[in-house]
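[1] When you get a sec, could you give me coordinates for this:
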Amino acid sequence: MNIRKGNPEDMKSVLGLIQELAIFEKEPDAVVITEEDLIRDGFGEKQLFHVFVAEVEEEIVGIALYYYRYSTWKGKTIHLEDLIVKEKMRGTGLGSALYAEIMKQGKRDNVRRIEWNVLDWNTPAVNFYKSSGARILEDWQVVQMDEAGINSFLEKL
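    As a prediction, the model looks like this:
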């Protein structure tokens with residue numbers, strides 16, 4: 001297994017893993033980004049995210065995609081958007097290795113917090129995160145406004 005920073009040539013495989021995650025999360029039609037979007041947003045003039053890729057025999061079989069946020073309480077933080085491992089590679093330690101790489105990046109960056117979301121029904125992930133020392137904030141709820149909601153809200157102004 002080799003973990004390295006992703007490059008533009010990896011984005012086709014990264015997109016494939018994102019689509020695999022959407023299927024796992026029961027949202028198979030939710031992914032609207034393209035390979036070109038990933039290349040532009042991850043490697044263009046204004047880099048919006050960073051990604052580590054995990055390779056086995058020159059095949060990308062896992063990713064950890066993250067970006068920086070700012071907390072008014074903590075300062076610079078990392079948001080781990082997705083940690084994805086191909087189904088055939090789950091249980092091999094690859095996910096743990098990608099997770100560790102994110103923690104190492106946070107240490108290198110001197111961030112005071114790394115945060116992410118996990119679905120409550122994803123029991124293996126919940127248990128792994130808890131066993132690693134992460135806290136799951138039961139009293140906080142994720143709030144989102146999708147494109148239709150944004151448009152509806154603005155139309156009412």
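[2] what's the neighbour count on residue 87?
    The local packing of residue 87 (other C-beta atoms under 10 Å) involves 11 other residues. Every C-beta, even on glycine, is put in place using the N, C-alpha and C of the backbone.
[3] for it, what are its contacts?
    Residues near residue 87 by C-beta atoms under 8 Å, 6 or more residues apart in numbering: 20, 24.
[4] before we move on, what about the one 5 residues further on?
    Taking C-beta under 8 Å, 6+ apart, we find residue 92 in contact with 1, 85.
[5] secondary structure element for residue 82?
    Element membership for residue 82 (DSSP states H and E) is strand 75-85.
[6] quick one: secondary structure of the residue lying closest to residue 88 once chain neighbours are set aside?
    Once flanking residues are discounted, residue 88 sits nearest to residue 61: 7.6 Å by C-beta to C-beta, 6 or more residues apart in numbering. Under DSSP: H, G, I helix; E, B strand; the rest coil, the three-state class of residue 61 is strand.
[7] gap between residue 68 and residue 45?
    Residue 68 sits at a distance of 17 Å from residue 45 (criterion: C-beta to C-beta, to the nearest Å).
[8] quick one on the thing from earlier: could you export the strand holding residue 82 as CSV, CA atoms only?
    Extracted in CSV, the C-alpha atoms of strand 75-85 (Å, rounded to 0.1, in the frame of the first residue of the first chain):
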residue,chain,number,x,y,z
GLY,A,75,-8.7,29.0,14.5
LYS,A,76,-7.6,26.9,11.5
THR,A,77,-9.2,23.5,11.4
ILE,A,78,-9.4,20.6,8.9
HIS,A,79,-12.7,19.3,7.6
LEU,A,80,-12.4,15.7,6.4
GLU,A,81,-15.0,15.6,3.7
ASP,A,82,-14.7,12.0,2.7
LEU,A,83,-12.7,9.0,3.6
ILE,A,84,-13.5,6.3,1.1
VAL,A,85,-12.2,2.8,0.7
